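Visitor: Curious how this folds, go ahead:
(2 chains)
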Amino acid sequence: MISIITLVLLACAGACFVVRLALGPTLPDRVLAMDGLIVVGIAAIAVRAMQTGNGAFLPVLVVLTLVGFVSTAASARFIEWRSLQLRRGDRSSGDGAAP
Amino acid sequence: MIGEWVALLGSVLILLAGIGAVRFKDTFARMHALTKATTLGVVLVLIGAAIHLDRPNDWTSLLLAAAMQLVTSPVAANLLGRSTWLLQRATEERDGAGDAAG
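Guide: Numbering: from 1, shown residues only, chains lettered A, B, ... in the order given. Predicted coordinates for the structure are as follows:
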């Protein structure tokens, strides 16, 4: 019974993250929402293993944690590269306009 | 029984992180709400599962996942916060240049 309540709360949290993923104004908001969805998946797998007493899916948790970190880091590097490209584009246009 | 209650507490924290991610106005405020509450919540859920399950083979997986989460979550938040700040600066500069040119 308590596990079912836990799963329902996790589903509500996942719905909140999906809302933020859909209407996030910028790209970092969407990356953040994806990170939250991965965390909801990790917690749901752990609760399900607790509910059934079968720990066969627990190594998936480690893999999901690593995948979540690597995807967030790669997205952060991509956003950083894009912002640098944005500034460099402005600066090159400014240099082109200065002389 | 205790493990189920601990997992329920962790899922309440994850739900609070979701509500904060929906309701907060700023990107950094959302990041603040999501990172800390999510880390503590998922570690509590894993601790609850480790209390409830009784095989060492399961404990090692849960311990490794919790340690990974505790180690990698601040690093990911730091990277994302830095890139968000750089993107906001670049967008402000571009808009300011557009206003000056226009």
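
Visitor: Mind naming the longest helix for chain A?
Guide: Longest helix in chain A by number of residues, with DSSP state H as the criterion: helix A:59-97.

Visitor: how about that helix, does it get close to chain B?
Guide: Yes: contact between helix A:59-97 and chain B, assessed by CB under 8 Å from any CB of the partner chain, occurs at A:59, A:61-62, A:64-66, A:68-69, A:72-73, A:75-77, A:79-80, A:82-84, A:86-87, A:90, A:94. Using the backbone N, CA and C atoms, a C-beta is placed for each residue, glycine as well.

Visitor: Any of those buried? List them.
Guide: The neighbour-count test (16 or more other CB atoms under 10 Å in any protein chain shown) marks A:61-62, A:64-65, A:68-69, A:72-73, A:75-76, A:79-80, A:83, A:86-87, A:90 as buried among these.

Visitor: Can you name the residue of chain B nearest chain A?
Guide: For chain B, the residue closest to chain A is residue B:18, as judged by CB to the nearest CB, at 3.1 Å.

Visitor: Any idea which helix or strand in chain A has the lowest mean pLDDT?
Guide: Taking mean pLDDT, DSSP states H and E as the measure, helix A:59-97 is the helix or strand of chain A with the lowest mean score, a mean of 81.

Visitor: Which residues lie in contact with the closest residue to residue B:44 other than its chain neighbours in this structure?
Guide: Spatial nearest neighbour of residue B:44, excluding adjacent residues (CB to CB, 6 or more residues apart in numbering or on different chains): residue B:10 at 3.1 Å. The contact partners of residue B:10, taken as CB atoms under 8 Å, 6 or more residues apart in numbering or on different chains, are A:43, B:40, B:41, B:42, B:43, B:44, B:45, B:46, B:47, B:48.

Visitor: Appreciated, that's everything.
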